[in-house]
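1. 3D model of this:
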Amino acid sequence: MNLAVIPARGGSKRIPRKNIKLFAGKPIIAYSIESARASGLFDRVIVSTDDEEIATVARQYGADVPYMRPAHLADDRTGTADVVKHALRWCQAQSEPFDLVCCLYATAPFICVQDLRRAEVMLRTSAHGYAFSVTRFPFAIQRALRINANREIEAIHPEHMFTRSQDLEEAFHDAGQFYWGRAQAFLDDVPLFSHASLAVELPQHQVQDIDTPADWLRAELMFRAWQTGNGSAA
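-> Presented below is the predicted three-dimensional model:
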C-alpha cells in the first residue's frame, strides 16, 4: 500500500499563509493534492497540518486530514522526515500499515503525475530506501563567486575560475517536489542524502523554489508558460 503525505503547517513568515495562497487561480496546495490523486498511486492522501483553515482547503480538494499535527512538530525547525514518521506512526496505530510513502511539498505546483509514477517504479524495482526529485544547477558551481565584507568579488574555488565549464563535473540539487521512500527507511532514519537514494531527474524549467515573494512571481510566470506549452499542469 502507498501513502502520500503533504506537510502544510500554518506558520509561514516570508510568504504569509503560503500553503493556501492563490497560485495561478487556486490554492497552491491544491496542485500537490490533485497530482497525488490523479496519479492513481496512493491508497490514501493525507495533509499533515496544524491549521484549521489549511485543513478545510485540503479537504475541499480531496485530501484526508484525519488528525491535527501537534505543535512540537509544527515549528520552523521541524524536519520533513519527522512529519512523515508521525503520519506513518499514526496510520500504524489505526491498523493501516503502508509499504511506500511519498512526501509531496505543498508548494510544488510543477509536480507531474508522470514523474510520480516514474519515481514509484524506480523505487519499487530497486533495493534503495528512497527516490526523490533533483535537477541540474544551471551553471557550474565550481565557478561560484562570493561577495566579501568589502563588497569585493572572490572566487569560492579559484582553482576552477579558468576551467572550461564543459570540463567540470555536473552538479545537481534537490528539486523540492517529492520524496518517495520505503516506510521503514523513514522510520529507521535512513539518511536521505546518501547512497540510499535514487535520483529522479527533472528538467530545470519544471523546478522553482518558492520561499520569497520574488520566487512566487517567477514561479507563476514559469507555470503559466509551462501550462501554455503543455496544455496541462498534470
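
2. centroid residue for the protein?
-> Q177 (2.6 Å; Cα atoms, centre = their mean).

3. you'd agree it is up against F110?
-> Yes - using Cβ atoms under 8 Å, Q177 is in contact with F110, at 6.8 Å. (C-beta placed from N, C-alpha, C; glycine too.)

4. Direction included, what does the strand or helix carrying the residue nearest to the centre of the chain pair against?
-> Q177 belongs to strand 172-182 when assigned by DSSP states H and E. Its sheet considered, strand 172-182 pairs with strand 100-104 (antiparallel), strand 130-136 (antiparallel) by DSSP bridges.

5. Highest mean neighbour count out of these?
-> Most buried of the strands paired with strand 172-182 by mean neighbour count (mean count of other Cβ atoms under 10 Å) is strand 100-104; its value is a mean of 25.

6. what about dumping the CA coordinates of it to PDB?
-> The C-alpha atoms that make up strand 100-104 are tabulated as PDB, following Å, rounded to 0.1, in the frame of the first residue of the first chain:
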ATOM      1  CA  LEU A 100       5.800   3.000   0.400                       C
ATOM      2  CA  VAL A 101       5.200   6.700   1.300                       C
ATOM      3  CA  CYS A 102       5.700   9.800  -0.800                       C
ATOM      4  CA  CYS A 103       6.100  13.200   0.800                       C
ATOM      5  CA  LEU A 104       4.900  15.900  -1.600                       C
END
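
7. Residues contacting it, please?
-> Contact partners of strand 100-104, identified using Cβ atoms under 8 Å, 6 or more residues apart in numbering, comprise 1-7, 32, 35-36, 41-42, 80, 83-84, 87-88, 111, 116, 119-120, 123-124, 177-183, 186.

8. can we see that at 7 Å?
-> Strand 100-104 has contacts (Cβ atoms under 7 Å, 6 or more residues apart in numbering) with 2-7, 32, 36, 80, 84, 88, 111, 116, 120, 123-124, 178-183, 186.

9. ditto for stretch 63-73
-> Contacts with stretch 63-73, where a contact means Cβ under 7 Å, 6+ apart, come from 6, 9, 33, 44-50, 55, 58-59, 82-83, 86, 90.

10. give me the element V83 is part of.
-> helix 80-93.

11. what's the angle between that helix and strand 100-104?
-> With axes from the mean of the first three to the mean of the last three Cα atoms, to 10 degrees applied, the angle from helix 80-93 to strand 100-104 works out at 130 degrees.

12. What are the boundaries of the strands in the chain?
-> According to DSSP state E, the chain carries its strands in the segments 2-7, 22-23, 26-27, 44-48, 100-104, 130-136, 145-147, 153-155, 172-182, 197-201.

13. wait, which of the ones you listed is closest to L221?
-> L221 lies closest to strand 22-23 among these, at 11.5 Å (Cβ to Cβ).

14. roughly how far out does the closest one sit from the chain middle?
-> The chain centre lies 17 Å from the centre of strand 22-23; the measure is Cα atoms, centre = their mean, to the nearest Å.

15. now stretch 219-234
-> Centre-to-centre, stretch 219-234 and its host chain are 18 Å apart (Cα atoms, centre = their mean).

16. buried stuff in that stretch?
-> Residues 219-220, 222-223, 226, 233 are the ones in stretch 219-234 that count as buried (16 or more other Cβ atoms under 10 Å).

17. Residues contacting stretch 36-56, please?
-> Residues from elsewhere that reach stretch 36-56, judged by Cβ under 7 Å, 6+ apart: 1-10, 19-20, 33, 58, 62-66, 68-69, 71, 74, 83, 86-87, 104, 113, 116-117, 120, 234.
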